[in-house]
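Colleague: What shape does this take:
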Amino acid sequence: MSRALGNMLPDFLWELLGGRDLAARMGQAVLITTADPEGWPHPAMLSYGEVVAVDRRRLRLALYRTSRTSENLRRNGKLTVCLIGPGAAYYLKTAAVEQQDSMDGLAELSRFEATVEAVLADQAREDLEPGARLTGGITFDPGGPPEQVLQGWQAVVDGLRREP
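Modeller: Model (predicted):
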């Protein structure tokens, strides 16, 4: 059962999404969902090199310009960011808008800014599910040499941090 934590990123989520120490997050996925034109949830996955918190209420995301996820956000702006890891999952309900400035040298990407409207924590309740807990999140193989992947991620994070 999830519980509300307010509309600002708590310290540990602020650190997690700060765009620092990307090597420690290599292979960890961030699940996001938008709503398609029929109202169905549309999931997509990002790396920690494609999302950064610029303050406790705003996230910036780099999405492929022509993706369904980008189309969905342009249409209705509803975005949920799911951070799943050992012990708990966190859901950030946001309102996202596309920023018109380009991502220097990354023409295939669009930059979206998402304002956090609600932060929810989801973990097993000891009184209902004794001993149950999440043991991990969604992971992936980045498919390339870590140094090269981190260099690309850093370029995207730097582009997301830049003010329009």
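
Colleague: from here on, contacts and neighbour counts on C-alpha atoms
Modeller: Will do.

Colleague: Give me the distance from the longest helix along the chain to the chain's centre.
Modeller: Ranked by residue count and defined by DSSP state H, the top helix of the chain is helix 146-161. Taking Cα atoms, centre = their mean, to the nearest Å, one finds the center of helix 146-161 at 15 Å from the center of the full chain.

Colleague: What helices and strands are in contact with it?
Modeller: Packing partners of helix 146-161 (3 or more Cα pairs under 8 Å, 6 or more residues apart in numbering; DSSP states H and E): strand 51-53, strand 58-64.

Colleague: Just the buried residues of it, please?
Modeller: 149, 150, 153, 154, 155, 156, 157, 159, 160, 161 (16 or more other Cα atoms under 10 Å).

Colleague: Dump it to CSV, restricted to CA.
Modeller: Extracted C-alpha coordinates of helix 146-161, given in CSV (Å, rounded to 0.1, in the frame of the first residue of the first chain):
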residue,chain,number,x,y,z
PRO,A,146,30.9,1.6,-19.3
GLU,A,147,33.2,4.6,-19.9
GLN,A,148,31.5,5.3,-23.3
VAL,A,149,28.0,4.9,-21.8
LEU,A,150,28.8,7.2,-18.9
GLN,A,151,30.3,9.8,-21.2
GLY,A,152,27.0,9.8,-23.2
TRP,A,153,24.9,9.9,-20.0
GLN,A,154,26.9,12.8,-18.7
ALA,A,155,26.4,14.8,-21.9
VAL,A,156,22.6,14.3,-21.6
VAL,A,157,22.6,15.2,-17.8
ASP,A,158,24.6,18.3,-18.5
GLY,A,159,22.1,19.3,-21.3
LEU,A,160,19.2,18.7,-18.9
ARG,A,161,20.7,20.8,-16.1
